[in-house]
Each structure stands twice: as structure tokens, then as C-alpha cells.
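[1] Dropping the sequence and predicted coords here.
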Amino acid sequence: MLSIKNLEAGYGKVHVLHGISIEVPKGKVVTLIGSNGAGKTTTMRAISGMIQPTSGEIALNGKRIDGMESYHIAKLGLAHSPEGRRVFATMTVTDNLTLGAFPRLTGSRPKGDVAGDLDRAMDLFPRLKERRNQLAGTLSGGEQQMLAMARAVMLNPEVVLLDEPSMGLAPILVEEVFKIISRLKEQGVTMLLVEQFAAAALNVADYGYVLENGRISVHGDAERLKTDPAVKAAYLGGGH
């Protein structure tokens, strides 16, 4: 489904990623965990075309997407819920969600039942349903995170990238966000999840990768990583 091989990327002369390889199979949730500054968000930005890789390959359903512009990648079915939410503050919740389906409305992707998917998104995120006519900028941080996730799902994507969905949220909202991720998983949505709460990420994921200083240090089934002594010591201790 999504395949990353020997990916290198960074910002100007600063090299952040040093030849990482990740596989995200269809219908699975794969998580990428690591400390701040390890390169997790850089990985997501390189995959979605927000920055251009310096070398390596990224393929979606067997088609190379590295080097493509973000909007072309979105047309192929890759949705990105970015770190920091980035909702359209002056637009309503409904309009934000409709924009998520923009490639479907313009014929760039199969249209399907956009209206039905909008209703399903509202059902999946009931807080958004209550606020469907409210301006996105007036939502709480947790509600904006839910909106960013729902907007990504409105693409009817092949793969969803979720970058730090729990960042800055109160514990009760973190729990709600992960319940939603679990429901998306039950619906067969393929996801690559970057998350600061390693234990929660591994609980919902099928497979995990640990990123350290721009390199994959260990990877394996999520259940195995939860019991790996090095992973437990570094990422599953106090606060996780």
C-alpha cells in the first residue's frame, strides 16, 4: 500500500532522515514513535510532498510519489492530518469537511457518495455534528484535532497520515482521539500514525517503528515492541 525505501530528507543543508524504510500494508495501522527531534514529522512531510526528499523512494499502491507536489499526491489517495491541525479557521466545520473531499468533487478522484460520507464523518465525530455550522477557528483544540482527522477521511483515502493527533490535548480528549482511531481501524482505514504517547500508539497499531536521530533503530509487531526492554525503558516509562 505505502512503501518507503531508503528515504533521506531534511531542510536545506540540515539532513534529518538517514535512509529510513517503512512499510504500511493495506488495512493496517503502523505507528512511528520516537523522541522530539527524531524526524517523525519530517517523515510525514516528505511522504505527503510538503518537503522534497533528497533520495530514496516513496510508493503508493506501487506508484512512485516521491518528488510529486502535494496536490498530486492527494489525488492519488494520500491524506495528511498534519501536526498542529491547520484547519481553515474562517470556514465552518461543514465547509472544512467538504474541502477534504475536494479532489472527489472535481473529478480527480472517484466521487462516490460525498454527502453520505459527510454524514458518516459527523456520526464518527459527534462533537463536530453538534458544531457543523460553527467556524472552525472557534472550536476547542480537541475539536480542531477531530476536524483535521475527519477532513482527511473525507478524501476517501488509500492511506491516512496522522501526525501527533494527541498533541496539546487533555488526557480525556487523548482517550477520545484514540477511540476514534480504533473505530477507523475497524472500518479498514489504512493509517501511518506518528504519536508522542508511545503506549497508546502501540495499543492501537499492528506494527511499529522506532525512529532515533533520523534512523530506524528497531521495528516489529506492536505487541512485541511493547515488551521490548529498550523500547519500554526509552518510551513506555513515566508519562507514557
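    Happy to help now that I have it.
[2] what are the ranges of the helices in this structure?
    Using DSSP state H, the helices of the chain run over residues 40-48, 70-75, 93-100, 102-105, 114-124, 126-130, 141-153, 171-186, 198-204, 222-227, 229-235.
[3] Run the angle between the longest one and helix 114-124 for me.
    Helix 171-186 runs at 140 degrees relative to helix 114-124, counting by axes from the mean of the first three to the mean of the last three CA atoms, to 10 degrees.
[4] what about the residue most central in space within the chain, distance to Met146?
    Nearest to the geometric centre of the chain sits Leu162, at 1.5 Å (CA atoms, centre = their mean). Here the criterion is CB to CB, to the nearest Å. By it, Leu162 lies 12 Å from Met146. Placement of C-beta: from N, CA and C, glycine included.
[5] wait, Met91 sits on Leu135?
    Yes: between Met91 and Leu135 a contact is recorded at 7.0 Å, counting by CB atoms under 8 Å.
[6] Mutual contacts of the two, please.
    Counting by CB atoms under 8 Å, 6 or more residues apart in numbering, Met91 and Leu135 have no common neighbour.
[7] could the helices of the chain be laid out in TSV, adding distance to Leu60 and mean pLDDT?
    TSV is the format used below for the helices of the chain (distance: least, CB to CB, whole Å; pLDDT from 0 to 100):
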stretch	distance to Leu60	mean pLDDT
helix 40-48	9	96
helix 70-75	7	94
helix 93-100	18	96
helix 102-105	14	94
helix 114-124	20	93
helix 126-130	27	92
helix 141-153	15	91
helix 171-186	18	91
helix 198-204	22	94
helix 222-227	23	94
helix 229-235	28	88
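[8] Same list, those helices, but as JSON lines with distance to Glu23 and mean neighbour count please.
    As requested, the helices of the chain are arranged in JSON lines below (distance: least, CB to CB, whole Å; neighbours: other CB atoms under 10 Å):
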{"stretch": "helix 40-48", "distance to Glu23": "13", "mean neighbour count": "24"}
{"stretch": "helix 70-75", "distance to Glu23": "18", "mean neighbour count": "17"}
{"stretch": "helix 93-100", "distance to Glu23": "26", "mean neighbour count": "21"}
{"stretch": "helix 102-105", "distance to Glu23": "25", "mean neighbour count": "18"}
{"stretch": "helix 114-124", "distance to Glu23": "27", "mean neighbour count": "15"}
{"stretch": "helix 126-130", "distance to Glu23": "32", "mean neighbour count": "15"}
{"stretch": "helix 141-153", "distance to Glu23": "21", "mean neighbour count": "23"}
{"stretch": "helix 171-186", "distance to Glu23": "17", "mean neighbour count": "16"}
{"stretch": "helix 198-204", "distance to Glu23": "17", "mean neighbour count": "21"}
{"stretch": "helix 222-227", "distance to Glu23": "14", "mean neighbour count": "16"}
{"stretch": "helix 229-235", "distance to Glu23": "19", "mean neighbour count": "15"}
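[9] of the ones you listed, which approaches Asn213 most closely?
    Asn213 sits nearest to helix 40-48 of all the helices of the chain, at 11.7 Å, using CB to CB.
[10] helices and strands around the closest one, which ones?
    Where contact means 3 or more CB pairs under 8 Å, 6 or more residues apart in numbering; DSSP states H and E, helix 40-48 is packed against strand 2-11, strand 14-24, strand 29-33, helix 70-75, strand 78-81, strand 159-163, strand 191-194.
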